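Asks: Here is my input; please provide its structure:
(4 chains)
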Number of protein chains: 2
Amino acid sequence: MPDAPTDRPERADAARNRRAILRATEELLARHRPEQISMEQVAAAAGVGKGTVFHRFGSRMGLMEALMAERALALTEAVTTGPPPLGPGAPPRERLLAFLDAIVDVVARNKGLMAALGHAASTAPKPDVDPTEDPRTAHPVYGFWHGHIADLLAAHRPGLDAETQAHLLLAGLQSRSVLRLLEQGEGERVAAAVHTLAEALLTAP
Amino acid sequence: MPDAPTDRPERADAARNRRAILRATEELLARHRPEQISMEQVAAAAGVGKGTVFHRFGSRMGLMEALMAERALALTEAVTTGPPPLGPGAPPRERLLAFLDAIVDVVARNKGLMAALGHAASTAPKPDVDPTEDPRTAHPVYGFWHGHIADLLAAHRPGLDAETQAHLLLAGLQSRSVLRLLEQGEGERVAAAVHTLAEALLTAP
DNA sequence: ATCAAACTGGACCGCCGGTCAAGTTGACTC
DNA sequence: GAGTCAACTTGACCGGCGGTCCAGTTTGAT
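Replies: Residues are numbered from 1 along each chain as shown, chains lettered A, B, ... in the order given. Predicted coordinates:
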């Protein structure tokens, strides 16, 4: 629905600024360590005021999430509507292995962003609202990945605690150590290890 | 070497304050979310000046590491000099499973601290010094755990990329999602899942 | 009693995430 | 083209934090 005249899509300058901010964030992320990128820097690099950044993305966390969602979009589409083995149609085992490979790939190409995301849960502006917050609300991309893995695991081996196993498999990609391996160009090694681990889980009793 | 008269062990008041600071940190960690505990609060709760905290521990990260090392000491000793299956003597497979159980236990009893540790790599005071920093230097407790797991894995299944697999197995314990499971009292579930995963890895091709 | 080194504490610095009120601009109507 | 108004932009501002610094205090050996 590109042209819906009634429901206020987005003003032209707003869209331009949103893109500029995301681009600037990408660029900073590529050049500097994520924890030393400030929102002021992002704003300056994008050529907008700091207030604009917060107006558009709400918080540091929101900005990182938006960027991550953009980066993960292709994978999301490949999984939901693309051809096998990633998309629907292939047997769960092959879909899972292909999906894990794809995730390692996305993460490897966005290590800085992953690190920044893991680092963005600071200085909570929320007054309270925190009875161990909802797993699905936090970080939509993670929610989608986790749900997909859990579904495939459950389909292939019903006896498993698929939810927890999915968390364990995904955990590697948030871990500092593994992110560091990826930074050192050991992406293939990590992919192979994840592969081995998943296959073991799918095969063994 | 508890009494070495020549090498300046530690002054009495310094030792007293160090303990007070660690105690205060524990207490704050137990009552508040880790990301909203400031060093000033720690100092105030310990009844010392902020300067003292930084003098003793160098930085937020150093404080958290020291506390973690203290909490992990019992496990370290059990592994190096205790009775099987944790200590030396049992076959690698049993040692590994016992060790993983023990780690989940330690982590479950120190979730706040784990979260704080993961969160402490901010505002790096280092001027530069950062060609993808040394894996072993960062967080001694992690280094020990990782090394032990890798050794046991390698002993039981020489074909494996034990280093990477050890990182993947440990990653779960730094992940927000799994930490949240532990907070919700699902410790047994996590332990069982880790167990299953490790057994699969040890058993399968 | 003396003294140097170790230790202490809190004022101070620079910076950061986030807010807000006032001004600006784009889109739509007539 | 003029008018209208809500969406949007902005940067000064706020509270607070991590970390530094050094004048003053304490310790323990001599």
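
Asks: residue contacts, the residue of chain A found nearest DNA strand D?
Replies: Using CB to the nearest atom of the strand, the closest approach of chain A to DNA strand D is made by A:G51 at 1.8 Å. For the C-beta atoms, the positions are set from N, CA and C on the backbone; glycine is no exception. If a contact means CB atoms under 8 Å, 6 or more residues apart in numbering or on different chains, then A:G51 has no contacts.

Asks: who's in contact with the helix or strand of chain A with the lowest mean pLDDT?
Replies: Lowest on mean pLDDT, DSSP states H and E among the helices and strands of chain A sits helix A:111-118, with a mean of 89. The contact list for helix A:111-118 (CB under 8 Å, 6+ apart) reads A:29-30, A:33-35, A:37, A:61, A:64-65, A:67-68, A:71, A:107, A:139, A:173-174, A:176, A:179, A:182-183, B:118, B:176.

Asks: for stretch A:185-203, same thing?
Replies: A:93, A:96-97, A:100-101, A:104-105, A:108, A:153, A:156-157, A:160, A:165, A:169, A:172, A:178, A:181-182, B:160-161, B:164-165, B:168, B:196-197, B:200-201, B:203-205.

Asks: thinking again about what came up before, now which of the contacts of helix A:111-118 would you call buried?
Replies: A:29, A:34-35, A:37, A:61, A:64-65, A:67-68, A:71, A:107, A:139, A:173-174, A:176, A:179, A:182, B:118, B:176 (16 or more other CB atoms under 10 Å in any protein chain shown).

Asks: Tell me, how many residues neighbour the residue lying closest to A:E40 once chain neighbours are set aside?
Replies: Spatial nearest neighbour of A:E40, chain neighbours left out: A:K50 (5.6 Å); criterion: CB to CB, 6 or more residues apart in numbering or on different chains. A:K50 has 14 neighbours, counted by other CB atoms under 10 Å in any protein chain shown.

Asks: quick one: A:K50 from DNA strand C, how far?
Replies: To DNA strand C, A:K50 is 5 Å away according to CB to the nearest atom of the strand, to the nearest Å.

Asks: Over to A:V106?
Replies: 24 Å.

Asks: Following element in sequence after the least confident helix or strand of chain A, please.
Replies: helix A:140-156 (DSSP states H and E).

Asks: who's in contact with that following helix?
Replies: A:65, A:68-69, A:72, A:76, A:79, A:91-93, A:95-96, A:99-100, A:103, A:135-137, A:160, A:162-163, A:165-167, A:169-170, A:201-202, B:177.

Asks: Just the buried residues out of the residues you listed, in PyMOL syntax.
Replies: Burial among those is assessed by 16+ other CB under 10 Å; the matching PyMOL selection reads:
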select buried, (chain A and resi 65+68+72+76+79+93+95+96+99+100+103+135+160+162+163+165+166+167+169+170+201+202) or (chain B and resi 177)
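
Asks: Among the contacts of helix A:140-156, name the ones in helices.
Replies: Those of the contacts of helix A:140-156 mapping onto helices are A:65, A:68-69, A:72, A:76, A:79, A:92-93, A:95-96, A:99-100, A:103, A:162-163, A:165-167, A:169-170, A:201-202, B:177, per DSSP state H.

Asks: care to break chain A down by domain?
Replies: According to automatic domain parsing, chain A comprises the domains A:9-58, A:59-203.

Asks: where does chain A have low pLDDT?
Replies: A:1-7, A:121-138, A:204-205 (pLDDT under 70).

Asks: mind redoing it with 80?
Replies: The model of chain A has pLDDT under 80 over residues A:1-8, A:118-138, A:204-205.

Asks: Residues of it that sit close to DNA strand D?
Replies: Taking CB under 7 Å from any atom of the strand as the contact definition, chain A meets DNA strand D at A:8, A:10-11, A:13-14, A:16-17, A:48-52, A:54-56.

Asks: let's see 10 Å
Replies: Within reach of DNA strand D by CB under 10 Å from any atom of the strand, chain A has these residues: A:8-18, A:20-21, A:39-40, A:43-44, A:46-56, A:122-123.

Asks: Among the residues you listed, which lie within helices?
Replies: Those of the residues of chain A next to DNA strand D lying in helices (DSSP H): A:12-18, A:20-21, A:39-40, A:43-44, A:46, A:50-56.

Asks: can you give me the angle the least confident helix or strand of chain A makes with helix A:140-156?
Replies: Here helix A:111-118 runs at an angle of 100 degrees relative to helix A:140-156 (axes from the mean of the first three to the mean of the last three CA atoms, to 10 degrees).
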